[in-house]
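>>> Turn this into a structure:
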Amino acid sequence: QVQLVESGGGLVQAGGSLRLSCAASGRTFSYYTMGWFRQAPGKEREFVAYISWNGGSTYYADSVKGRFTISRDNAKNTVSLQMNSLKPEDTAVYYCAAGKVYSGAYRTAANYDYWGQGTQVTVSS
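All right, here's what the predicted structure looks like:
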């Protein structure tokens, strides 16, 4: 069992930055691959970023590539999402997720077993 708690959301102007964090409980955090997803009002949940269990592989949605960076610290049981050059279209609730998800499957939310409660990110124009 893994419990996830996100933090770091808020209101920021376009072009600004935010850093989201996700704290995980449980001693087996390092066994899990981690993902960030987001959901805007009236839209489906969409993949944002993925990181492998040891941080050796990362993948991003095309819409955030070059602006967002995912990282993890297995010693602290945390995964982070640094978001730069934010745009109004980045406005959404952001969720972190944990699962044993491998290449080719990381974009699909249903492949993740554990989810946080979400944190709101609002980017004003």
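
>>> low-confidence ranges in this protein?
Low-confidence segments of the chain (pLDDT under 70): 27.

>>> Write down the beta-bridge partners of the spatially most central residue of it, one by one.
Note on the chain: the residue nearest the mean C-alpha position is Trp36, at 2.1 Å, using C-alpha atoms, centre = their mean. Assessed by DSSP bridges, Trp36 has beta-bridge partners Ala49, Cys96.

>>> That one: what's it in contact with?
By C-beta atoms under 8 Å, 6 or more residues apart in numbering, the residues touching Trp36 are Leu20, Cys22, Val48, Ala49, Tyr50, Ile70, Val79, Leu81, Tyr94, Tyr95, Cys96, Ala97. In this view, the C-beta of every residue, glycine as well, is placed from N, C-alpha and C.

>>> For the fifth one, which residues are in contact?
Put plainly, it is Tyr50. Going by C-beta under 8 Å, 6+ apart, Tyr50 touches Thr33, Met34, Gly35, Trp36, Ser57, Thr58, Tyr59, Tyr60, Ile70, Val101, Tyr106, Arg107.

>>> give me that answer again for 7 Å
Thr33, Gly35, Thr58, Tyr59, Tyr106 (C-beta atoms under 7 Å, 6 or more residues apart in numbering).

>>> count of neighbours near the second one?
So the one you mean is Gly35. 28 (other C-beta atoms under 10 Å).

>>> Over to the last one?
Burial of Tyr106, expressed as a neighbour count using other C-beta under 10 Å, amounts to 22.

>>> can you check Val93 too?
The burial metric for Val93, expressed as a neighbour count using other C-beta under 10 Å, is 18.
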